[in-house]
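Trainee: Here is a sequence together with a model predicted from it:
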Amino acid sequence: MSGSLSPAILWFRDDLRLSDNPPLHAAAAQPVLPVYVLDDDGAGTWAAGGAQRWWLHHSLAALTDSLRQRGVELLLLRGRAERLIPELAARLGAPAVNATASVAPWARRRDAAVAEALGRQGRALLLHNPLLADPDRLRTGQGKPYSVYTPFARAVMNLGEPPPPIPAPDALRGTGRDIQGLALDELGLLPRAPNPDWARAFHDLWQPGEAGARARLEAFLEDALGDYPEGRNRPGEDGSSRLSAHLRWGEISPRQVWHAARDAGLPATATQAFLKEILWREFAQHMLWHRPEMPEQPLHASYAYFPYRRDAGTQRAWRRGITGYPLVDAGMRQLWRLGWMHNRVRMICASFFIKHLLQPWQDGAAWFWDTLVDADLASNAFNWQWVAGCGADAAPFFRVFNPILQGESFDPRGEYVRHFVPELARLPDKWLHRPWEAPAEVLRTAGLRLGEDYPLPVIDHATGRARALEALAEMRKAAA
């Protein structure tokens, strides 16, 4: 132990950064032991999926380096946090454990168990709010949680500017105790032989860690924020922020992003459009805090009667990107190759899965959970329910995205589709998003044999839309 100060435990979770980290700031004046616990059993169904685990490995490596540069080592453990954290506090003689609060239901149960165990020892779990607004305190005029985005966003804006970010400490003091943990590779987070390295292309796009988050934010502010209202809708261009994974893992905080966007000196329309997306993410967190059933159950009870037609073959075609709809297939292939999908295309792929294919939204959300590096329990569930028409502030179910028109509107020159569906690369723009309508001569010139080189559509758009609306009528009748 260093000096006469009591040691503190800094329990990292989804806040893998040193800048603007309130738990670190609270503990930094004391000798500190930073720890990360991989608690798959505690998370159960919501243990990190494969793509998330790839990101977590590299983010923990970056965090380890940052802490080491400041004089302390990150302790890595695996097991039930409700046992390991109280044991560690008792062994160290730490009166408190500092951590960032979570809105995930399983994490809240874990934290309650940890707090109870620490309390029996006369110690405390000190949780710090990671959001722009504390979801337990932000209420409507009637004292209820918000369930509609616009008044929620207005309420957050009315709180005023968030506090400025807290700088990272230049140095930290360790506890002087040699406590053995695991090596990072022992957590088993990366794809392993003999399985194929499905994440091999992730390095082309991503730099996990706090430095990568800063670099990505700076690049976005310099190159894309000014055109954000339009650019974010064009999947063939680098017009979105691509900060979602950095935010999901807490490598950058919402208020760091907020203040950086405000200070960039760009047109207010562009800045506001971007900040609304930050608030949309915040709204998802607010909803999960108040509706813990959201990842599994429709928020509108009538949708429990929706007549989905779960089919393994249909889902396999969607997952592999062989539905015959170029924009959908490009999105699903981008997801598998890079662990990420452009936001507009996510909406189109989700709508197609639920409405054209009549597959349960929970199954689509589960696939995204396993394949997205930015899979966040609140945002994933919230956005799938939004598309399915059964969530908060949801798009009406009868709003069925037309993947052909969406492709022609937002990928008119086909950069996105040609990149991820190269078998269509030689088709003229006119036919790229509807290859089944191309004349035989055009197909021959493009070297394309439909049904062999590229599939015919799994369902006709008009038929799929009509079937979806029939299913909606069925649901309403059953729920009445």
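Mentor: Here it is on my side, so go on.
Trainee: Of all the helix elements in this structure, which one is longest?
Mentor: If you go by DSSP state H, the chain has its longest helix at helix 268-290.
Trainee: Can you classify residue 87 by secondary structure?
Mentor: Secondary structure assignment for residue 87 (DSSP: H, G, I helix; E, B strand; the rest coil): helix.
Trainee: Please enumerate the strands of this protein.
Mentor: Assigned by DSSP state E, the chain shows strands spanning 8-12, 32-38, 75-78, 96-100, 124-128.
Trainee: Need the winner for burial among those.
Mentor: Mean neighbour counts were taken over the strands of the chain using mean count of other CB atoms under 10 Å, and the top value, a mean of 26, falls to strand 8-12. No exception for glycine: its C-beta is placed from N, CA and C like everyone else's.
Trainee: got the CA positions of that one in PDB?
Mentor: Extracted in PDB, the C-alpha atoms of strand 8-12 (Å, rounded to 0.1, in the frame of the first residue of the first chain):
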ATOM      1  CA  ALA A   8      -9.400   2.100  -4.300                       C
ATOM      2  CA  ILE A   9     -10.600  -0.400  -6.800                       C
ATOM      3  CA  LEU A  10     -11.400   0.900 -10.300                       C
ATOM      4  CA  TRP A  11     -13.700  -1.600 -12.000                       C
ATOM      5  CA  PHE A  12     -13.600  -1.100 -15.700                       C
END
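Trainee: number of nearby residues for residue 272?
Mentor: For residue 272, the neighbour count with other CB atoms under 10 Å is 13.
Trainee: Let me know the pLDDT of it.
Mentor: If you check residue 272, the pLDDT there is 96.
Trainee: re the thing from before, roughly how far out does the longest helix of the chain sit from the chain middle?
Mentor: Helix 268-290 sits 13 Å away from the centroid of its parent chain (CA atoms, centre = their mean, to the nearest Å).
Trainee: Stretch 254-266 too?
Mentor: Taking CA atoms, centre = their mean, the mean C-alpha location of stretch 254-266 is offset from the chain mean by 20 Å.
Trainee: mean confidence score for it?
Mentor: Averaging pLDDT along stretch 254-266 yields 96.
Trainee: follow-up on the earlier one: helices and strands around the longest helix of the chain, which ones?
Mentor: In terms of contacts (3 or more CB pairs under 8 Å, 6 or more residues apart in numbering; DSSP states H and E), helix 268-290 is packed against helix 149-158, helix 228-231, helix 254-262, helix 377-388.
Trainee: got the buried residues for that helix?
Mentor: Using 16 or more other CB atoms under 10 Å as the test for burial, helix 268-290 gives 270-271, 273-275, 277-290.
Trainee: Please apply the same query to stretch 96-113.
Mentor: 96-108, 110-111, 113.
Trainee: Do me a favour and get the end-to-end distance for it?
Mentor: Terminal residues of stretch 96-113 lie 15 Å apart, using CA to CA, to the nearest Å.
Trainee: avg pLDDT for it?
Mentor: What stretch 96-113 shows for mean pLDDT is 98.
Trainee: now that stretch: how far from the chain's centre is it?
Mentor: 19 Å.
Trainee: Where does the prediction get shaky in this protein?
Mentor: 1-4 (pLDDT under 70).
Trainee: and residue 131, what does it touch?
Mentor: By CB atoms under 8 Å, 6 or more residues apart in numbering, the contact list for residue 131 reads 254, 282, 285-286.
Trainee: same deal with residue 308?
Mentor: In this structure, residue 308 makes contact with 358-360, 471, judged by CB under 8 Å, 6+ apart.
Trainee: neighbours around residue 169, how many?
Mentor: By other CB under 10 Å, 18 other residues sit near residue 169.
Trainee: again, but for residue 188
Mentor: For residue 188, using other CB under 10 Å, the count is 13.
Trainee: mind listing the helices for the stretch 51-200 of the chain?
Mentor: Per DSSP state H, counting those that start in this stretch, the stretch 51-200 of the chain carries helices over the ranges 81-92, 105-120, 149-158.
Trainee: now what about the shortest one, what contacts it?
Mentor: Under the criterion CB under 8 Å, 6+ apart, residues 132-133, 138, 140, 146, 276, 279-280, 282-283, 286, 392-393 lie in contact with helix 149-158.
Trainee: Same check on stretch 226-235?
Mentor: The contact list for stretch 226-235, computed with CB under 8 Å, 6+ apart, reads 224, 237, 239-241, 266-267, 269-270, 273-274, 277, 330-331, 342-345, 410-411, 416.
Trainee: and these, which are buried?
Mentor: The neighbour count (16+ other CB under 10 Å) marks 224, 237, 239-241, 266, 270, 273-274, 277, 330-331, 342-345, 410-411, 416 as buried among the contacts of stretch 226-235.
Trainee: Of those residues, which belong to helices?
Mentor: Members of these lying in helices (criterion: DSSP H): 270, 273-274, 277, 330-331, 343-345, 410, 416.
Trainee: Between which two of those is the distance greatest?
Mentor: Across these, no pair lies farther apart than 270 and 330, at 26.4 Å, counting by CB to CB.
Trainee: on that earlier part again, hmm, which two among the contacts of helix 149-158 are most spread apart?
Mentor: Using CB to CB, these span at most 19.5 Å, a distance reached by 140 and 276.
Trainee: Isn't residue 330 up against residue 419?
Mentor: Yes. Proximity of residue 330 to residue 419 meets the contact threshold set by CB atoms under 8 Å, at 7.4 Å.
Trainee: for the helices and strands packed on helix 268-290, which one sits closest to residue 368?
Mentor: Of all the helices and strands packed on helix 268-290, helix 377-388 sits nearest to residue 368, with 5.7 Å by CB to CB.
Trainee: The closest one relative to helix 105-120, how many degrees between them?
Mentor: If you take axes from the mean of the first three to the mean of the last three CA atoms, to 10 degrees, helix 377-388 sits at 150 degrees to helix 105-120.
Trainee: picking that back up, deepest in the core, which of the helices and strands packed on helix 268-290 is it.
Mentor: Comparing the helices and strands packed on helix 268-290 by mean neighbour count (mean count of other CB under 10 Å), helix 377-388 comes out on top with a mean of 25.
Trainee: tell me what that one is packed against?
Mentor: Applying 3+ CB pairs under 8 Å, 6+ apart, we find helix 377-388 packed against helix 268-290, helix 343-351, helix 361-371.
Trainee: at 10 Å what do you get?
Mentor: With contacts defined as 3 or more CB pairs under 10 Å, 6 or more residues apart in numbering; DSSP states H and E, helix 377-388 has these neighbours: helix 105-120, helix 244-248, helix 268-290, helix 343-351, helix 361-371.
Trainee: out of those helices, nearest to residue 70?
Mentor: Proximity to residue 70, assessed across the helices and strands packed on helix 377-388 by CB to CB, is greatest for helix 244-248 (20.5 Å).
Trainee: From the chain's centroid, how far away is the closest one?
Mentor: For helix 244-248, the distance to the chain centre is 6 Å (CA atoms, centre = their mean).
Trainee: could I get it in PDB with only the CA atoms?
Mentor: Output of helix 244-248 as PDB, limited to C-alpha atoms (Å, rounded to 0.1, in the frame of the first residue of the first chain):
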ATOM      1  CA  SER A 244     -20.700   3.700 -32.500                       C
ATOM      2  CA  ALA A 245     -18.300   1.000 -31.400                       C
ATOM      3  CA  HIS A 246     -16.000   3.500 -29.600                       C
ATOM      4  CA  LEU A 247     -19.100   4.800 -27.700                       C
ATOM      5  CA  ARG A 248     -20.400   1.200 -27.100                       C
END
